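[1] how would this look folded up:
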Amino acid sequence: MTLRFSVLASGSTGNAFYIESEQQRLLVDAGLSGKKMDWLFGEIDVDPSRLDGILVTHEHSDHIKGLGIFARKYNLPIYANEKTWQAMDNSLGKLTIDQKFQFDMESVRGFGDIEVESFGVSHDAAEPMFYTFRNNGQKVALVTDLGYVSERIKKTVEDADAYIFEANHDVEMLRMGRYPWNVKRRILGDSGHVSNEDSGLALADIISNRTKRIYLAHLSLDNNMKDLARMSVNQTLAERGIEIDLHDTDPEAPTPLYEVSTVTERV
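    Numbers count the residues shown, from 1 in each chain. Prediction:
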């Protein structure tokens, strides 16, 4: 069996990502209510009681809103780095000691037949990190919530079969929008979020012939639109001679389960 995944929800109102292999079923973040999380799993016909664990990226509420409730309901272990645990522990409610595990930044950990690599990102959280997933020569990269894509990150996530990649805002929409300037400055800064244009520039550097699927993620409800994000990223990629289909994510509904192809080159 190959890797299969669904972006359960993506956006400023809540984030969750599911990935599975023959041996493992992992959830990354649970940023929606427990009831909504159950509904999302129902939409992709996956039983959450069969999950093997939850990986956490950082402590912002749109990534951990339902984490404590969901972990208690299904008695799931949670994996996060030490600083993230310190930042979120009081907001999760009571968890047993055998539900709390440390997963250090810039490290690799095996979950059954899935090898997970964590990497740090620039974002205004305690110690935010995201992940790549490897199984049987396949690679999936989850890259959102970062102010810029460093060369170190590019090296870590390059040459993946599939990307879930941030395209948070259109710069002009953000500048002209209703947000107060201090919020705009935070989003535009090095610890904020990646714009459509910068998303395209980063993707142009990291995708290869084996890359078959890209999902644009964490779109701002106020400062972006799905069509605009796709058009902007596509234009940036096309200027560098790259043509690839881009796929939407949604803050309220999951993407269909996608099975990573064993074909090594994009047609």
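[2] all strands of the chain, in order?
    4-9, 16-20, 25-28, 53-55, 78-80, 100-102, 108-111, 114-120, 129-135, 138-143, 162-166, 213-217, 246-248, 258-259 (DSSP state E).
[3] mind putting those strands in CSV, mean neighbour count included?
    Just so you know, the C-beta spots here come from the backbone N, C-alpha and C atoms, and that holds for glycine as well. Shown next, in CSV, are the strands of the chain (neighbours: other C-beta atoms under 10 Å):
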stretch, mean neighbour count
strand 4-9, 25
strand 16-20, 26
strand 25-28, 24
strand 53-55, 23
strand 78-80, 25
strand 100-102, 14
strand 108-111, 14
strand 114-120, 19
strand 129-135, 24
strand 138-143, 24
strand 162-166, 27
strand 213-217, 24
strand 246-248, 19
strand 258-259, 16
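[4] wait, which of these is closest to Val183?
    strand 162-166 (17.3 Å; C-beta to C-beta).
[5] Can you tell me which helices and strands the closest one packs against?
    The contact analysis (3 or more C-beta pairs under 8 Å, 6 or more residues apart in numbering; DSSP states H and E) places strand 162-166 against strand 4-9, strand 138-143, helix 196-206, strand 213-217.
[6] mind running it again at 7 Å?
    Secondary-structure packing of strand 162-166 (3 or more C-beta pairs under 7 Å, 6 or more residues apart in numbering; DSSP states H and E): strand 138-143, helix 196-206, strand 213-217.
[7] Each with direction, which strands does the shortest one pair with?
    It stands for strand 213-217. strand 162-166 (parallel), strand 246-248 (parallel) (DSSP bridges).
[8] Please tabulate these in CSV, including the columns distance to Leu257 and mean pLDDT.
    Compiled in CSV, the strands paired with strand 213-217 are given as follows (distance: least, C-beta to C-beta, whole Å; pLDDT from 0 to 100):
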stretch, distance to Leu257, mean pLDDT
strand 162-166, 12, 98
strand 246-248, 13, 98
